[in-house]
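J.: coords please:
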Amino acid sequence: MNKQSLHITNGDVLTDYLNELDVTGEKLTWKEMLCEGPTIPDVGSSKFIEIRKSFFSSFYDIDLDEQIIIKELNKLDDYQSYSEIILWFEYDLFCHINLVAVINLILQKGIDLPIYLVCSGRIKGSNTLKGLGELNPEQLLDHYKNKVKLTSEDIDLAKTVWNIYCGKDHNLLKPFIVTESSFKYLSNCLKAHLERFPDASHGMNVLERNILEIIKDNPIKSKHHLLGYALNYQGYYGFGDLQISRIIEKLSIFFTNDEVPIKLNRKGHEALLGKHNVTAEIDNNMVYGGVKKFDFQFNKKQNMLVKTVSNGL
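T.: Presented below is the predicted three-dimensional model:
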């Protein structure tokens with residue numbers, strides 16, 4: 001029997017795109033966003049899925065379809081019919097947390113096949129980073145042709161990063177910001193991750209502060225208009241409508257929503273000026289892997305996470 005490639009994609013849009021381009025092989029579509037919510041090392045286990053279902057229900061009022069997830073993951077059980085595994089993930093934090101989780105799932109299943117990575121980001125002739133779905137057919141197929149084979153060191157790195165992410169000390173990720181690997185954008189993603197904890201001086205993370213800056217500097221007509229700006233100017237996060245909309249709602253105490261354009265209120269101006277730490281005012285009890293967002297703050301001077309003082313630590 002002729003063996004085929006297994007393509008693991010970052011979503012339905014890319015899977016459909018590959019099918020349109022007649023890229024041969026089995027397709028497994030990854031349907032998670034592990035950059036938010038609690039995680040445990042054992043990817044795809046019944047406990048893992050229950051934890052994720054609970055998170056989506058409580059934070060986003062979404063019923064996760066367990067059967068769809070299991071159906072996709074079960075494609076890995078047929079690994080003896082595959083010749084190689086090709087991972088299709090992008091430059092951002094959203095994709096990279098999923099990426100290291102997928103690699104760990106492959107390891108947990110004892111699959112010993114060549115693993116390749118197709119990763120988009122910087123494109124010749126473009127000033128902006130591009131997602132895989134934004135590439136034209138010629139560009140996408142060229143990325144595929146030039147896919148990178150992951151080394152044993154790359155795979156060990158992914159395993160380590162995933163286990164740290166699921167753990168309690170995310171400062172352990174710092175050494176990997178300067179570690180060379182086939183993951184060209186991992187360094188940027190790890191920096192972005194640490195900076196999404198509240199800043200120790202003013203209490204907002206990079207995304208939250210950026211959204212208030214957008215309101216201050218632009219004639220924003222509505223929350224929907226603000227969402228568009230925030231999606232386009234979020235750097236290495238790669239968050240979708242669902243995530244950014246939730247952040248905007250949590251920040252609504254800092255701006256008016258009953259006039260056009262939307263404007264920062266007094267509290268918003270004071271937050272940007274850093275007059276006091278607003279951590280406690282932003283009702284956002286998000287969890288990142290193994291830690292709660294507000295249990296730590298990012299100290300720029302020390303370039304590390306520090307325990308939040310309000311916890312009595």
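
J.: Show me the helices in this protein, by range?
T.: Assigned by DSSP state H, the chain shows helices spanning 12-20, 46-60, 66-73, 93-108, 137-145, 152-165, 186-194, 206-217, 223-232, 241-250, 266-273.

J.: quick one, what contacts Ile214?
T.: Ile220, Leu226, Tyr229, Ala230, Tyr233 (C-beta atoms under 8 Å, 6 or more residues apart in numbering). Using the backbone N, CA and C atoms, a C-beta is placed for each residue, glycine as well.

J.: rerun that using 10 Å as the cut-off
T.: Neighbour list for Ile214: Ile220, His225, Leu226, Gly228, Tyr229, Ala230, Asn232, Tyr233, Ile262 [criterion: C-beta atoms under 10 Å, 6 or more residues apart in numbering].

J.: hmm, back to that, take the helices of the chain and write them to CSV, including mean pLDDT and distance to Lys301.
T.: Below are those laid out as CSV (pLDDT from 0 to 100; distance: least, C-beta to C-beta, whole Å):
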stretch, mean pLDDT, distance to Lys301
helix 12-20, 97, 40
helix 46-60, 96, 32
helix 66-73, 91, 42
helix 93-108, 98, 23
helix 137-145, 97, 39
helix 152-165, 98, 23
helix 186-194, 98, 14
helix 206-217, 96, 16
helix 223-232, 96, 27
helix 241-250, 95, 25
helix 266-273, 95, 19
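
J.: looking at the ones you listed, which is buried most?
T.: Across the helices of the chain, averaging neighbours per residue (mean count of other C-beta atoms under 10 Å) puts helix 93-108 on top, at a mean of 24.

J.: Just give me how far it sits from the chain centre.
T.: Remark: helix 93-108 is offset 11 Å from the chain centroid, using C-alpha atoms, centre = their mean, to the nearest Å.

J.: try stretch 220-233
T.: Stretch 220-233 sits 20 Å away from the centroid of its parent chain (C-alpha atoms, centre = their mean).

J.: ok, now stretch 249-265?
T.: Relative to its parent chain, stretch 249-265 has a centroid offset of 27 Å by C-alpha atoms, centre = their mean.

J.: Between the two ends of it, what distance do you get?
T.: Using C-alpha to C-alpha, to the nearest Å, the end-to-end distance of stretch 249-265 comes to 15 Å.

J.: Pull out the buried residues from that stretch.
T.: Lys250, Leu251, Phe254, Phe255, Ile262, Leu264 (16 or more other C-beta atoms under 10 Å).

J.: which ones among those are found in strands?
T.: Counting by DSSP state E, no part of these is found in strands.

J.: and the residues you listed as TSV, adding distance to Gly133?
T.: What follows is those, written out as TSV (distance: C-beta to C-beta, whole Å):
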residue	distance to Gly133
Lys250	28
Leu251	28
Phe254	33
Phe255	32
Ile262	30
Leu264	34
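
J.: Out of those, the closest to Pro175 would be?
T.: For those, the closest approach to Pro175 (C-beta to C-beta) belongs to Lys250, at 31.8 Å.

J.: Since that was my last question, I'll sign off now.
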